[in-house]
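Undergrad: Sequence plus the predicted model coming up.
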Amino acid sequence: IVEGSDAIVMAECGNSFTWSTHLLQFAQANRYRVSTGVGAMGHAVTGVLGAAQARNGKAVAIVGDGAMLMNNEISTAVKYNIPAIWIVLNDARYNMCHQGMKVLGLKGADATMPPTNFAMIARGMGAEALVVVRESDIEEALEKAIASNVPFLIDVVIDPDRPAPSGGRN
């Protein structure tokens, strides 16, 4: 997405933000947006539509499963044929909360959620979607999403126990 397109890339707060900021590099300014305001979830999940509309082209949101469950605009993107792409980091947890509580030795709060097939939900709303379970398949999925002319969701099943690169900020 970064090197092969001019898409705007947005990252939701939480581990989506930490992984994106840690791993992505942009040669051009104004291609990366983050949602960090008090950890409020949902800005990138929904804002990707506005970004795609404003630039009349592709916009990509890298989001967690919790944010995607809270709110999304897949049906709106389908209705208006907005070329938004969602990359859902799916670990069946509010994982920044879970990992932060673990680091602090806190117990008792439940940050897990039932496993969700986001690709099935997206297809049910009329978008294109893929599930990725092997890291080796992510590049092909991204290429298909960028080449698509309709809303597209990539449901990436990730290891919930791999700590995010948050630098101890949890």
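TA: Here it is on my side, so go on.

Undergrad: quick one: the helices in the protein?
TA: In the chain, the helices defined using DSSP state H lie at 15-23, 43-55, 65-70, 74-80, 95-104, 118-124, 138-147.

Undergrad: and the first one, what other elements does it pack with?
TA: Packing partners of helix 15-23 (3 or more Cβ pairs under 8 Å, 6 or more residues apart in numbering; DSSP states H and E): strand 8-11, strand 32-34, strand 59-64, strand 84-90, helix 95-104. C-betas here are computed from N, CA, C, even on glycine.

Undergrad: Could I get those in CSV, plus columns for distance to His22?
TA: Output for the helices and strands packed on helix 15-23, formatted as CSV (distance: least, Cβ to Cβ, whole Å):
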stretch, distance to His22
strand 8-11, 10
strand 32-34, 12
strand 59-64, 12
strand 84-90, 13
helix 95-104, 13
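
Undergrad: ok, back up a step: now, of the helices of the chain, which is deepest in the fold?
TA: Most buried of the helices of the chain by mean neighbour count (mean count of other Cβ atoms under 10 Å) is helix 65-70; its value is a mean of 23.

Undergrad: Run the chain-centre distance for that helix.
TA: Distance of helix 65-70 from the chain centroid (Cα atoms, centre = their mean, to the nearest Å) equals 9 Å.

Undergrad: got the contact list for that helix?
TA: Contacts with helix 65-70, where a contact means Cβ atoms under 8 Å, 6 or more residues apart in numbering, come from 12-14, 16, 41-42, 44-45, 86, 88-94, 113, 116, 118.

Undergrad: if we can go back for a sec, tabulate the helices and strands packed on helix 15-23 (JSON lines), appending distance to Val157 and mean pLDDT.
TA: Below are these laid out as JSON lines (distance: least, Cβ to Cβ, whole Å; pLDDT from 0 to 100):
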{"stretch": "strand 8-11", "distance to Val157": "19", "mean pLDDT": "93"}
{"stretch": "strand 32-34", "distance to Val157": "23", "mean pLDDT": "89"}
{"stretch": "strand 59-64", "distance to Val157": "13", "mean pLDDT": "93"}
{"stretch": "strand 84-90", "distance to Val157": "5", "mean pLDDT": "96"}
{"stretch": "helix 95-104", "distance to Val157": "13", "mean pLDDT": "70"}
